[in-house]
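Undergrad: sequence first, then the predicted structure, then my questions.
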Amino acid sequence: MFEHCDFEDLDAAFGVSPSPEDVKRAVSLLIRGRGHWHGSPPPEAAYDALLNRAEEHARRTRRLPVRERIRFFKALSLLASGREMGRLGGGLGVYEALLARSWAVRFDDAQEMCRLAEAAVEAAARFSPRTHGARPVADLRARAWGELANACRVADRLREAKKAFGQAFAFVQRGTGDPLLRARLLDLEASFFGTLREFASAQGRLDLVPELYRQAGEPHLAGRTLITRAVYVAYSGNPEEALRLIQEGLGLIDPDREPDLVVAALHNQLGHLIDLGQFQKAKRLLFESRERFRSCGRISGLKLRGLEGQISYGLERWTSAEIAFREVREGFKQAGLVFAHALMCLYLAMTLLRQGRIDEAEKEVLAASKVFFSLQIHREILGSVLLLKEAAEMRRLTVAILENEVQHIRRAEMEHGHATGSR
């Protein structure tokens with residue numbers, strides 16, 4: 001069945017209910033040349049995406065009757081192609097397909113994510129308590145409202161998100177008490193509080209979620225939550241505890257299920273070690289983890305190279321740090337990441353000052369200040385930028401001033417970036 005298949009249509013080749021094993025076997029055949037692609041073969045990252053998608057579909061459909069699994073894959077195929085579902089109507093399979101597709105587009109189309117979640121809420125409202133049971137129906141409705149709340153958060157429709165969370169928690173009180181559902185809703189609400197920059201409230205939710213995931217038999221999700229919780233712990237000024245949580249989380253997750261999560265966790269570990277001044281430890285971790293970072297993409301690679309520059313700076317290897325910061329600065333500029341480019345100018349200025357090249361350092365600071373002021377940056381950063389600009393113009397720029405303000409700018413941007421960019 002796998003001898004002639006298009007990559008884009010591979011899901012359809014599995015019939016009504018592909019398992020992760022089916023997909024792995026198909027991809028393995030194609031990799032070994034026993035099948036072939038109609039057209040150019042996809043990159044290795046696409047193989048990984050296909051496997052991850054199949055595993056997610058298997059998890060979503062494992063409790064569905066065969067008839068509803070058929071509906072799920074048909075509906076998902078139609079949704080992915082942009083076609084109307086027509087006579088497929090409602091049912092559990094369509095409900096699951098709407099939620100799966102809503103989640104799949106979260107990075108690409110926030111409004112479509114909302115539209116599909118709203119359709120799932122409407123589908124859940126049609127489920128009959130007489131047919132499915134009052135408590136299971138309450139669970140289905142709670143779940144749909146929770147996913148809609150998260151979609152509204154992603155789309156910056158925060159007032160609607162707050163109302164949707166209220167609906168979700170009202171329904172969950174009438175449900176079966178499913179720990180996985182309760183954990184998911186608290187997990188999503190933590191992201192909502194993170195978006196509002198109410199980090200204490202976000203962390204409070206995440207204190208409970210890992211144990212709920214463990215009770216539900218989901219150690220991977222428990223580990224994922226610990227890694228997320230570590231971010232908020234670091235914001236509260238406790239990088240040592242953040243490192244412990246990341247290590248515990250990495251011990252629970254399945255690295256093949258979310259390889260990007262592993263890369264993000266390792267990246268955060270490196271950042272915390274740098275913040276703690278543990279540069280030799282950071283250097284060892286970077287060396288041991290380099291294989292994980294190889295396929296992390298160009299931007300992630302630039303960020304990693306920036307951390308490598310910070311490690312060199314901490315070890316007082318000024319030339320190596322300068323080379324790394326110049327490389328990353330130009331990379332961010334080419335990628336159109338203006339803020340990151342300007343911040344890297346400041347890191348480069350730190351290295352130049354350490355080498356006594358004051359004129360060059362002042363030039364980098366003034367160039368960065370010009371960029372920062374041209375952007376709509378967060379108010380808590382403006383004071384630091386103005387201070388650096390004045391110090392450079394008055395020729396009173398020092399390493400201590402520059403290091404302190406760069407740290408402040410970086411921390412403020414990380415907090416804001418996590419609050420608004422999390423999915």
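TA: Perfect, thanks for sending it.

Undergrad: so who does residue 199 touch?
TA: 193, 232, 235, 236, 415 (Cβ atoms under 8 Å, 6 or more residues apart in numbering). From N, CA and C alone the C-beta is placed, and that goes for glycine too.

Undergrad: please redo it, this time with the cut-off set to 7 Å
TA: Counting by Cβ atoms under 7 Å, 6 or more residues apart in numbering, residue 199 touches 232, 235, 236.

Undergrad: quick one: low-confidence parts of the protein?
TA: 1-59, 84-89, 295, 378, 415-423 (pLDDT under 70).

Undergrad: 50 - rerun?
TA: Where the chain drops to pLDDT under 50, the residues are 1-18, 20, 23-48, 50-51, 418-422.

Undergrad: what number of residues lie near residue 368?
TA: 27 (other Cβ atoms under 10 Å).

Undergrad: that one sits in which helix or strand?
TA: helix 358-374 (DSSP states H and E).

Undergrad: now that helix: buried residues?
TA: Residues of helix 358-374 classed as buried: 360, 361, 362, 364, 365, 366, 367, 368, 369, 371, 372 (neighbour count, 16 or more other Cβ atoms under 10 Å).

Undergrad: from the contact counts, what lies against it?
TA: Secondary-structure packing of helix 358-374 (3 or more Cβ pairs under 7 Å, 6 or more residues apart in numbering; DSSP states H and E): helix 338-354, helix 379-393.

Undergrad: can you check what angle separates the first one from helix 379-393?
TA: Angular relation of helix 338-354 and helix 379-393 on a 0 to 180 degree scale: 40 degrees, by axes from the mean of the first three to the mean of the last three Cα atoms, to 10 degrees.

Undergrad: can you list contacts of helix 338-354?
TA: By Cβ under 7 Å, 6+ apart, the list of residues contacting helix 338-354 from outside reads 306, 309, 313, 318, 321-322, 325-326, 328-329, 332-333, 360-361, 364-365, 367-368, 371-372, 375, 397, 399, 402-403, 406, 409-410, 413.

Undergrad: tell me the gap between that helix and the middle of its chain.
TA: Chain-centre distance of helix 338-354: 26 Å, with Cα atoms, centre = their mean, to the nearest Å.

Undergrad: same check on stretch 387-400?
TA: Using Cα atoms, centre = their mean, the offset of stretch 387-400 from its chain centre is 37 Å.

Undergrad: end-to-end on it?
TA: End-to-end distance for stretch 387-400, by Cα to Cα, to the nearest Å: 13 Å.

Undergrad: who's in contact with it?
TA: So stretch 387-400 is in contact with 350, 353, 354, 361, 362, 365, 366, 369, 401, 402, 405, going by Cβ under 7 Å, 6+ apart.

Undergrad: that older thread, would you turn the buried residues of helix 358-374 into a markdown table with distance to residue 228?
TA: What follows is the buried residues of helix 358-374, written out as a markdown table (distance: Cβ to Cβ, whole Å):
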| residue | distance to residue 228 |
| --- | --- |
| 360 | 40 |
| 361 | 37 |
| 362 | 40 |
| 364 | 35 |
| 365 | 35 |
| 366 | 38 |
| 367 | 35 |
| 368 | 31 |
| 369 | 34 |
| 371 | 31 |
| 372 | 29 |
